[in-house]
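1. Just a sequence and a predicted model for now, questions to come.
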Amino acid sequence: MLRIGCHLSSSKGFLAMAQTARSIGANTFQFFTRNPRGGAAKEWLQEDVDAMLEFFAANDIAKPLAHAPYTLNACAKEERTREFALETFADDLKRLRMIPGAMYNFHPGSHVQQGAQKGIELIADTLNRVLKEEYTTTVLLETMAGKGSEVGRNFEELRSILDKVELSHKMGVCLDTCHVWDAGYDIVEHLDQVLEQFDRIIGLERLRAIHLNDSMNPLGSHKDRHQKIGLGQIGRAGILGVINHPALRGLPFYLETPNELEGYGEEIAMLKREWTK
Ligand code: FE
Ligand code: FE
Ligand code: ZN
């Protein structure tokens, strides 16, 4: 079975997200733990989470992927910003104990003139302060497009972060198709080689989720502008190559394409049709 979903708004709560996912043919979904541009999170109600977990069991929906806010920058230059990242990260991981076995994805950060090496150290330091052995959440580093001073623009940088994390068995990677394309990895013509590189540098066992997005821009553009499936530079065949690649079978795929619910439903239906059993 193809495990596929999309990014959903969490404004109506957990059960509502699970119901929305089902209504558009999704069997998993992604949500922001709080306002993506920062700020305090609403309270998570235990009965709402429990209702969602029951709905999952009855409808074969897999545990969702939580996404940290974009403003979380664990390697910011200003200490105040790094402090905010640390507090947000710690609070999100505490909350996620309510959803056992969930995954938590975050953008490694932007080093803003400090250099990638310093960025990597600050990110690993944050992880070493927030990860706890008793947590069941897997924390995912997202592959980035390399816009501005983003850390995680190549597989080597992600590997360097993982190498510095003490509880690195709690960590994985989320590969974003738009981001790796924009970073210069040709997943259209050379997907096998890209995945071999990933395996050699990071290890495919670390790959836990895929963000499935087309890109508005050409290979290596370092832009990060998502496009609807088939309307971008990766193209429909490129995306179908990803969902059907033998090394990626069994992974959950999350659409973050510029769509309303109806458009997401259409993309999910198309991808299910084109997925080879
Ligand atoms: Fe992201
Ligand atoms: Fe993404
Ligand atoms: Zn993006």
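-> Received the coordinates, thanks. Not measured: the values here are computed from a predicted model. Numbering: from 1, shown residues only. Ligands and ions are numbered 1, 2, ... in the order given.

2. From residue 56, how far off is the residue of the chain positioned farthest from its centre?
-> When each C-alpha in the chain is compared with the mean C-alpha position (Cα atoms, centre = their mean), residue 47 comes out farthest, at 26.2 Å. Residue 47 sits 15 Å away from residue 56, going by Cβ to Cβ, to the nearest Å. Placement of C-beta: from N, CA and C, glycine included.

3. can you map out the strands along the stretch 101-250 of the chain?
-> In the stretch 101-250 of the chain, the strands defined using DSSP state E, counting those that start in this stretch lie at 103-106, 109-110, 138-142, 150-151, 171-176, 207-212, 214-215, 226-227.

4. In contact with residue 263, which residues are there?
-> For residue 263, the contacting residues are 228, 257, by Cβ atoms under 8 Å, 6 or more residues apart in numbering.

5. now the strands of the stretch 101-250 of the chain in JSON lines, with mean neighbour count, distance to residue 2 and mean pLDDT?
-> As requested, the strands of the stretch 101-250 of the chain are exported to JSON lines (neighbours: other Cβ atoms under 10 Å; distance: least, Cβ to Cβ, whole Å; pLDDT from 0 to 100):
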{"stretch": "strand 103-106", "mean neighbour count": "24", "distance to residue 2": "18", "mean pLDDT": "98"}
{"stretch": "strand 109-110", "mean neighbour count": "22", "distance to residue 2": "32", "mean pLDDT": "98"}
{"stretch": "strand 138-142", "mean neighbour count": "23", "distance to residue 2": "20", "mean pLDDT": "98"}
{"stretch": "strand 150-151", "mean neighbour count": "26", "distance to residue 2": "30", "mean pLDDT": "98"}
{"stretch": "strand 171-176", "mean neighbour count": "24", "distance to residue 2": "16", "mean pLDDT": "98"}
{"stretch": "strand 207-212", "mean neighbour count": "22", "distance to residue 2": "11", "mean pLDDT": "98"}
{"stretch": "strand 214-215", "mean neighbour count": "25", "distance to residue 2": "18", "mean pLDDT": "99"}
{"stretch": "strand 226-227", "mean neighbour count": "20", "distance to residue 2": "20", "mean pLDDT": "98"}
